[in-house]
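Participant: Let's see this in three dimensions:
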Amino acid sequence: MAAADSPSAALRRRDLCSRGIRLAGKMRSDVIDLLDTYVERQGLDASASVVTVEGVPVAAVERWDEQTGTQRLLENLTAYRAFRVLLAQMLEEHREQLGDADTGLGRALAAVLLQVSAFAYHLEELLRLESRGPPSEEGTAPPPVPHLGLFERKLRGLGVLRELAQWAVRSARDLRQLTKPSPGSSSAPSWAESP
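Facilitator: Just a heads-up that it's a prediction; the model follows:
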């Protein structure tokens, strides 16, 4: 029996998924609160339409139900690594723009950035448990910071936060899917690729 299939590994996997679901729920709640604050403090309309933002991974996926557990984890990890970079850019822009004038928004951005980093680490742990390990971040340069005007940066930030809220929902859904037993199995879910 492989280490990833042992009963203790199955319990650990289930525990990590359960904790991940709670983390995703908390993160979504905090991002929604941050969105409200962000819209208010940046003087934006909450219903403002934001086109797809470069570098922001999209949570919507075709044929979601056909994805393997590994694909779900890898897509989530890629997204949260991207959000970590994007939120750090937003925080830096905020500090450059306002300095210490609006510490509430800065603290909220920093708190969500910390949650995103912790969630990415959590996903890496799940991949390690699977005996796959997370893909290296080496050689993956962060997207260049676009040269945008102040209003465009505000809209970009709005787009980042909206998509992050959607990812939190998808992540909880993905982790719930991973805790379900695979068809024909009464034990732990199978994360392996289909033959």
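Participant: who touches stretch 51-65?
Facilitator: 67, 75, 78-79, 82-83, 85-86, 143, 146, 156, 159-160, 163, 166-167, 169-170 (Cβ atoms under 8 Å, 6 or more residues apart in numbering). For the C-beta atoms, the positions are set from N, CA and C on the backbone; glycine is no exception.
Participant: Could you rerun that using 7 Å?
Facilitator: By Cβ atoms under 7 Å, 6 or more residues apart in numbering, the surrounding residues in contact with stretch 51-65 are 78-79, 82, 86, 143, 146, 156, 159-160, 163, 166-167, 170.
Participant: could you give the mean pLDDT of that stretch?
Facilitator: The average pLDDT within stretch 51-65 is 77.
Participant: Same question for stretch 81-95.
Facilitator: Mean predicted lDDT for stretch 81-95 stands at 92.
Participant: Restricted to helices, list the contacts of stretch 51-65.
Facilitator: Thr78, Ala79, Ala82, Leu86, Arg156, Gly159, Val160, Glu163, Gln166, Trp167, Arg170 (DSSP state H).
Participant: From Val39, how far out is the spatially closest residue to the third one that is not a sequence neighbour?
Facilitator: Beyond its immediate neighbours in the sequence, the residue positioned closest to Ala82 (Cβ to Cβ, 6 or more residues apart in numbering) is Pro57, lying 5.3 Å away. Using Cβ to Cβ, to the nearest Å, one obtains 22 Å as the distance from Pro57 to Val39.
Participant: cool, and Arg170?
Facilitator: In terms of Cβ to Cβ, Arg170 sits 22 Å off from Val39.
Participant: returning to that earlier point: taking the ones in helices among the contacts of stretch 51-65, tell me the two that lie furthest apart.
Facilitator: Within the ones in helices among the contacts of stretch 51-65, Arg156 and Arg170 form the most distant pair, 20.8 Å apart (Cβ to Cβ).
Participant: out of those two, which sits in the more crowded spot?
Facilitator: Arg156 (22 against 19; other Cβ atoms under 10 Å).
Participant: can I assume that one is in contact with Leu148?
Facilitator: Yes - Arg156 is within contact range of Leu148, at 6.3 Å (criterion: Cβ atoms under 7 Å).
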